[in-house]
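Peer 1: Model the following, please.
(2 chains)
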Amino acid sequence: MSSVMQTNPLTPDDSFRVGSRSFSSRLLVGTGKYKDMDETRRAVEASGAEIITVAIRRTNIGQNPGEANLLDTLPPNQYTYLPNTAGCYNADDAVRTCRLARELLDGHNLVKLEVLGDEKTLFPDVIQTIAAAETLIKDGFEVMVYTNDDPIIAKRFEDMGCVAVMPLAGPIGSGLGIRNPYNILTIVENANVPILVDAGVGTASDAAIAMELGCDGVLMNTAIAGAQNPVLMASAMKKAIEAGREAFKAGRIPRKRFASASSPIDGTFF
Amino acid sequence: MYNRPLETKTLRYMHILVNGEAREVADSYTAAQLIDDMNLAGKRIAMEVNMEIVPRSSFAEHTFNEGDKVEIVMAIGGG
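Peer 2: Okay, here's the model as predicted:
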């Protein structure tokens, strides 16, 4: 749960800062595609995530008045809500969505901006995303932006004042993993704001690789919600993120083409 | 002295579009009444009219105009 900040004794002061906020978990999870609210809650709890993404949609007109809603299940005082602009294909709709979200959440200004270009790929429309980010930043939002794994564009978003840049690892919901680790690495190396892989993760090793590349965090939804056992996958992802982070901090050995014996060569008796 | 018609305040009606559905409402109808009629009182929602946010604090006074496009939204599960 978010209220208890857990610190790793091996990596003290390794908190994750986004804009004006600080977190201990580096796994951000979406809340879509679950079977029901109970499964959503159990998976989010198992993930250890402190930041959860939500979508903004029309209220259902006069139906299911007794159905549990997300805000009751995952109260906004226990989690940091990250409203997204999923489904927006132009800057204006994305800006409207963020303003509605801010009103809905009593002035909460942290948003995940995504402006999509195409239904088949769900790749970002970077030009529209830049336009929306400019408006939102001027309007006082802290913008975490979904974008391509393009180092030049990532830097541009940072320079504009986005509080985090979130390149895709692969297409949203694809589970293809990190298609271009060198681009992610370049983005990370160039950055002065948090870089999070957002989209494309399929299983725990993908999340660990993102963290080993030096990403500050990973945002995922389908990889957990679509697993055969979402709660167990959420737990696996939590561990993968932690393992990948520790491995990154530890500093891996360089790759070599040939072997290097682990046992001493001296003192053999044969 | 009785030939003057009773003075009744004539209720005027207009049409607004709420989340894509047409509604006929009195011209004195407020945003707060709309929220009540949609069983959303006390729920965490946000409203925009013609793409402009109407703050919750002004629901009690906010009335509509013919043809207003009203969107009332909530947070749901999403990635």
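Peer 1: my guess is A:L27 contacts A:I241, does it?
Peer 2: Yes: contact criterion CB atoms under 8 Å: A:L27 and A:I241 qualify, at 4.4 Å. Quick note: C-beta positions are derived from backbone N, CA and C, even for glycine.
Peer 1: Name the residues contacting each of the two.
Peer 2: Residues touching both A:L27 and A:I241 by CB atoms under 8 Å, 6 or more residues apart in numbering or on different chains: A:207, A:217-218.
Peer 1: Get me the contact residues on chain B for chain A.
Peer 2: By CB under 8 Å from any CB of the partner chain, the residues of chain B that approach chain A are B:18-21, B:38-40, B:43-48, B:51, B:53, B:55-56, B:71-79.
Peer 1: Any of these buried? List them.
Peer 2: Among the residues of chain B next to chain A, those buried by neighbour count (16 or more other CB atoms under 10 Å in any protein chain shown) are B:18-19, B:38, B:40, B:44-48, B:53, B:56, B:71-79.
Peer 1: Quick one: residues in contact with the lengthiest strand in chain B.
Peer 2: The single longest strand within chain B, with elements called by DSSP state E, is strand B:69-77. Strand B:69-77 is contacted from outside by A:30-34, A:40, A:54-59, A:69-71, A:81, A:83, A:100-101, A:104-105, B:16-19, B:34-35, B:38, B:40, B:43-51, B:64, using CB under 8 Å, 6+ apart.
Peer 1: most centrally placed residue in chain A?
Peer 2: A:L219 (1.8 Å; CA atoms, centre = their mean).
Peer 1: How about the longest helix anywhere in chain A and chain B, any contact?
Peer 2: Using DSSP state H, we find that the single longest helix of chain A is helix A:230-250. No: taking CB under 8 Å from any CB as the criterion, helix A:230-250 and chain B are apart, separated by no less than 12.3 Å.
Peer 1: Flag every buried residue along that helix.
Peer 2: For helix A:230-250, by 16+ other CB under 10 Å, it's A:230-231, A:233-238, A:240-246, A:248.
Peer 1: outside of it, which residues touch it?
Peer 2: In contact with helix A:230-250 (CB under 8 Å, 6+ apart) are residues A:8, A:10-11, A:14, A:25-27, A:29, A:34-35, A:39, A:42-48, A:201, A:203-205, A:207-214, A:217-218, A:220, A:223-224, A:227.
Peer 1: give me that answer again for 7 Å
Peer 2: A:10-11, A:26-27, A:34, A:39, A:42-43, A:46-48, A:204-205, A:207-212, A:214, A:218, A:220, A:223-224, A:227 (CB atoms under 7 Å, 6 or more residues apart in numbering or on different chains).
Peer 1: Now A:D36: phi and psi?
Peer 2: phi -160, psi 180 (degrees, to the nearest 10).
Peer 1: To what extent is it buried, counted in neighbours?
Peer 2: A:D36 has 11 neighbours, counted by other CB atoms under 10 Å in any protein chain shown.
Peer 1: again with A:T121
Peer 2: By other CB under 10 Å, the residues close to A:T121 number 12.
Peer 1: which residue ranges form the helices in the chain?
Peer 2: As the question left the chain open, I've gone with chain A. Under DSSP H, chain A gives helices at A:37-47, A:70-73, A:91-104, A:126-138, A:151-160, A:181-190, A:204-212, A:222-225, A:230-250.
Peer 1: oops, I was thinking of chain B
Peer 2: B:31-37.
Peer 1: where in it is pLDDT low?
Peer 2: Low-confidence segments of chain B (pLDDT under 70): B:1-10.
Peer 1: circling back to that earlier point, among the contacts of helix A:230-250, which ones are buried?
Peer 2: A:26-27, A:34, A:43, A:46-48, A:204-205, A:207-212, A:214, A:218, A:220, A:223-224, A:227.
Peer 1: Mean pLDDT and distance to A:S263 for the helices of chain A - can I get that in TSV?
Peer 2: Below are the helices of chain A laid out as TSV (pLDDT from 0 to 100; distance: least, CB to CB, whole Å):
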stretch	mean pLDDT	distance to A:S263
helix A:37-47	96	40
helix A:70-73	89	54
helix A:91-104	97	59
helix A:126-138	98	53
helix A:151-160	98	42
helix A:181-190	97	32
helix A:204-212	98	27
helix A:222-225	97	39
helix A:230-250	97	22
